[in-house]
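Novice: Dropping a prediction and its sequence here:
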Amino acid sequence: MKDAYLGIDIGSISTKGVIIDDDHHIISSKYIWTEGDPIGASKRLLQMLEEQFDKENYRIVASGTTGSARKLVGDMINATVVKNEITAHAIGTTTIHPDVRTIFEIGGQDSKIILIENGIAVDYAMNTLCAAGTGSFLSSQSKRLGVEVEEFGQIALKSQHPTQIAARCTVFAESDLVHKIQMGHTKEDIIAGLCHAVANNYLNNVGKGKKIVPPIVFQGGVSKNVGVVQAFKEALHTDIYVDEEGPLMGAFGIAILAARNSKRQEFDFSVKDMTFVTRDMNCGRCPNNCEIICVYRDGQLIDYWGNRCENGVPDKTLSEA
C-alpha cells in the first residue's frame, strides 16, 4: 500500500482538492464552487475525490487545509497541517516551477502577489478593500453584457482598440462601462478593456511598490481568461506562464506540506457522511465578551476559537449549546 496526501484549499468562491503521491504526482483532483457553505462544499469535494481515488493501492496518511476557511475545514477533516494560502501557493508553485520569481494569483473575490527568491517567499501583498479586478468583478460585468464569463478571453483577443475603462473601484467601473456602452463602443473592445482594466488594477494596487521580476506564473480562476493574460503580457512586456493546474496550486501546496510534515493521521473518507454544525456564542463571562466560534461533529464539540481567556469554554454537546 502506497502513501498519499490530501490537500484542500477552501475559499469564499471556490473549493479545490488534490490527492498526491510521494513523487508529488496528482492522482485525484477537483475544483467546485463553495456556494457560501464551506462544510457542504468540502463534503461534496471529498465525495468526488473518493470516486477518483485508488483505494486498492493508496492510503491517505496526512492531510492539510488552506484558504479562508482553513481552520474550520481543518477541524472537520482532522487535518495534520493548516497553513495560510501564501505559504501553500508558494510551495506548490516552486515545486513545479523552481525558477519562478513572481506569482500572480487572482481568484473570485481576492488577489495576491508573492515574490520569490531562491525558492522562498520573501514578500507578498493582497487586496483588502475592493473586489474590483477579481473574478466576481468580471462575472458581474459579463451578466451586464450578456456574455458568458468563460467566453471573455477569446472575445477580448478579437479587439483592435480596447476601451479605456476605469477599474480602480467596482462602482466606478460599472458606471464607466455603462457610459462606454451608451457611447457606442463595440462589445469586443469593451470586453478587452475590462481585461486590461483587471491587469492594470492589479498592478497598480496589489503590485504597487513591488519589484516584479520574471519568470512570472499566473494562477487563480482568472488565469483561465486569455484576455487578462494578454493584458499582463502587454503591460509588463514579458511572458506570463499559466500552469494548467494553476487553479489547484493552493491545494497542491498544502498537500506537499502535509507530506513533508512528520505528523501522520490516516484519513477516512467517511468524514463526509458526518454531521457538522457551527455555532457562535458571546461568552459574557468577563468584560472581554468574546465571540466564540464552536464546531460540533455529530453533536459533539470538536474545536472552538475566539476566546481570549479560560472563561470562554462552550458547552460540550450541541443539545446544550
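Specialist: Structure received.
Novice: quick one: contacts of whichever strand or helix holds residue 31?
Specialist: Using DSSP states H and E, residue 31 maps to strand 26-33. Defining contact as CB atoms under 8 Å, 6 or more residues apart in numbering, one finds that strand 26-33 is touched by 4, 13-21, 41, 44-45, 48-49, 52-54, 58, 245, 247-248, 251-252. The way it works is simple: take the backbone N, C-alpha and C, and place the C-beta from them, glycine included.
Novice: buried set for that strand?
Specialist: Within strand 26-33, the residues that count as buried by 16 or more other CB atoms under 10 Å are 27, 28, 29, 30, 31.
Novice: cool, stretch 237-245 as well?
Specialist: Going by neighbour count (16+ other CB under 10 Å), the buried part of stretch 237-245 is 240, 241, 242, 243, 245.
Novice: Could you tell me the end-to-end distance of it?
Specialist: Using CA to CA, to the nearest Å, the end-to-end distance of stretch 237-245 comes to 24 Å.
Novice: Ok, stretch 256-272 next?
Specialist: With CA to CA as the measure, the first residue of stretch 256-272 is 22 Å from its last.
Novice: now what about it, what contacts it?
Specialist: If you take CB under 8 Å, 6+ apart as the criterion, stretch 256-272 is touched by 3, 5-7, 20, 22, 24, 42-43, 46-47, 50, 53, 59-64, 76-81, 83, 87-88, 91-92, 95.
Novice: how far is it from where the chain is centred?
Specialist: Counting by CA atoms, centre = their mean, to the nearest Å, stretch 256-272 is centred 20 Å from the centre of its parent chain.
Novice: Then stretch 70-87?
Specialist: When distances are taken as CA atoms, centre = their mean, stretch 70-87 is centred 13 Å away from the chain's centroid.
Novice: now swap in stretch 63-74 and tell me
Specialist: In this view, stretch 63-74 has its centroid 11 Å away from the chain centroid, taken as CA atoms, centre = their mean.
Novice: Excluding its own residues, what touches it? List them.
Specialist: 5-12, 15, 34, 38-39, 42, 77-85, 87-88, 250-251, 253-255, 257-258, 261, 265, 267, 278, 293, 295, 305.
Novice: Render the CA-only coordinates of the strand holding residue 31 in CSV, please.
Specialist: Listed next in CSV are the C-alpha coordinates belonging to strand 26-33 (Å, rounded to 0.1, in the frame of the first residue of the first chain):
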residue,chain,number,x,y,z
ILE,A,26,-1.7,14.4,-8.6
ILE,A,27,-3.7,11.2,-8.5
SER,A,28,-7.1,12.9,-7.7
SER,A,29,-8.3,16.4,-8.1
LYS,A,30,-11.4,18.5,-8.2
TYR,A,31,-12.5,22.2,-8.4
ILE,A,32,-16.0,23.1,-7.3
TRP,A,33,-17.9,26.2,-6.1
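Novice: Sheet-wise, list the partners of that strand with their directions.
Specialist: Strand 26-33 has the following sheet partners, assigned by DSSP bridges: strand 14-21 (antiparallel).
Novice: Mind checking which of the contacts of stretch 63-74 are in helices?
Specialist: If you go by DSSP state H, those have 38-39, 42, 77, 85, 87-88, 250-251, 253-255, 257-258 in helices.
Novice: Dump those residues into CSV; add distance to residue 160 as well.
Specialist: CSV is the format used below for the ones in helices among the contacts of stretch 63-74 (distance: CB to CB, whole Å):
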residue, distance to residue 160
38, 43
39, 48
42, 45
77, 50
85, 38
87, 42
88, 40
250, 37
251, 39
253, 39
254, 43
255, 44
257, 46
258, 48
